[in-house]
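> sequence plus the predicted model coming up.
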Amino acid sequence: MPAPAALRQRSRTLLVAASAPLALAALLADDVRVRHQLEAARKDPLTGLASRDALTNRINRLARSRRGQLHVLVADADGLKAVNDSLGHAAGDTLIAAIGHRLGTWAAARGGIAARLGGDELGATLLLPTTNTVREVVALRALLAQPVDHAGQTLRPAVSIGIARAADLPDAAGASRLLRGADMAMYRVKTGEQPCEYVATRQDAYAPTVHGRRPGRPGTHLATA
């Protein structure tokens, strides 16, 4: 018969062996929880969309692996100031949240993600055959324009959309150029210079900026290369 000391040692060994999987499971659960918390912290609290950094990282990855189908989109809500002034900022927030949710769902169904770039401006990346570009933009405009309910009132969104295709630009063009092209295209549509089906050109993607911002934005006056 084993000595009492040996029995106690064997019991401790068995206890440690039994508890190891539980400890590992707890560590893994904590790691998953922390990663989920970090991911949530990086998302925009109003729309739940990804950050600008997440969008640019995705664009750059797709530019290397799926360049022929890569599209980048910038959308800007029209008339948001009038909504804020007449109905309050809560109504404006409801409008942005609804547009963001719709854009995020639409982009995810096309192999991409959406992000809030700031204020009422949103961005997205998606994968499409270039032959589908115009049809998809027209369908997206109709989707984003669907009425939104706020406190018993019906809000009617209007959104200007610009889109750029990686296939139309030099192979070296990455996220910054594609976003600039989509932003310029959106501005041309918003001002009525181009129709809503307009697709960014190389000239749009390489347009001069003022401190990295498109001419025509508030606070930009002089264009530089």
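Good, I have the coordinates.

> pretty sure Leu62 sits in a helix.
Yes. Counting by DSSP: H, G, I helix; E, B strand; the rest coil, Leu62 falls inside a helix.

> neighbours of it, how many?
Burial of Leu62, expressed as a neighbour count using other C-beta atoms under 10 Å, amounts to 22. C-beta: built from backbone N, CA, C; applies to glycine.

> likewise for Thr130?
Look at Thr130: counted by other C-beta under 10 Å, it has 15 neighbours.

> next: Leu179.
Using other C-beta under 10 Å as the criterion, Leu179 is surrounded by 24 other residues.

> that one reaches His71, doesn't it?
No. Using C-beta atoms under 8 Å, Leu179 is not in contact with His71; the gap is 11.7 Å.

> which residues do these two both contact?
Both Leu179 and His71 are contacted by Ala164, under the criterion C-beta atoms under 8 Å, 6 or more residues apart in numbering.

> and Ala124, that's in a helix?
No. With three-state DSSP as the criterion, Ala124 is assigned strand and is not in a helix.

> could you check how far it is from Gln203?
22 Å (C-beta to C-beta, to the nearest Å).

> export the helix or strand harbouring Val137 as CSV, just CAs?
Assessed by DSSP states H and E, Val137 sits inside helix 133-144. Only the C-alpha atoms of helix 133-144 are listed here, as CSV (Å, rounded to 0.1, in the frame of the first residue of the first chain):
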residue,chain,number,x,y,z
THR,A,133,-20.6,49.2,-61.4
VAL,A,134,-23.3,51.6,-62.7
ARG,A,135,-26.2,49.2,-62.0
GLU,A,136,-25.0,48.7,-58.4
VAL,A,137,-24.5,52.4,-57.7
VAL,A,138,-28.0,53.1,-59.0
ALA,A,139,-29.5,50.3,-56.8
LEU,A,140,-27.5,51.6,-53.7
ARG,A,141,-28.8,55.1,-54.2
ALA,A,142,-32.4,53.7,-54.2
LEU,A,143,-31.6,51.7,-51.0
LEU,A,144,-30.1,54.6,-49.1
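
> just the buried residues of that helix, please?
Neighbour-count burial for helix 133-144 flags 133, 136-137, 140-141, 144 (criterion: 16 or more other C-beta atoms under 10 Å).

> tell me the contacts of Thr125?
Neighbour list for Thr125: 55, 58-59, 62, 70-73, 107, 112-113 [criterion: C-beta under 8 Å, 6+ apart].

> quick one: which of those residues is the most crowded by neighbours?
Ranked by the number of neighbours (other C-beta under 10 Å), the contacts of Thr125 place Val72 first, at 32 neighbours.

> number of residues surrounding Thr131?
A total of 7 residues lie near Thr131 under the criterion other C-beta under 10 Å.

> please report the distance of it from Arg66.
Thr131 is 16 Å from Arg66, where distance means C-beta to C-beta.
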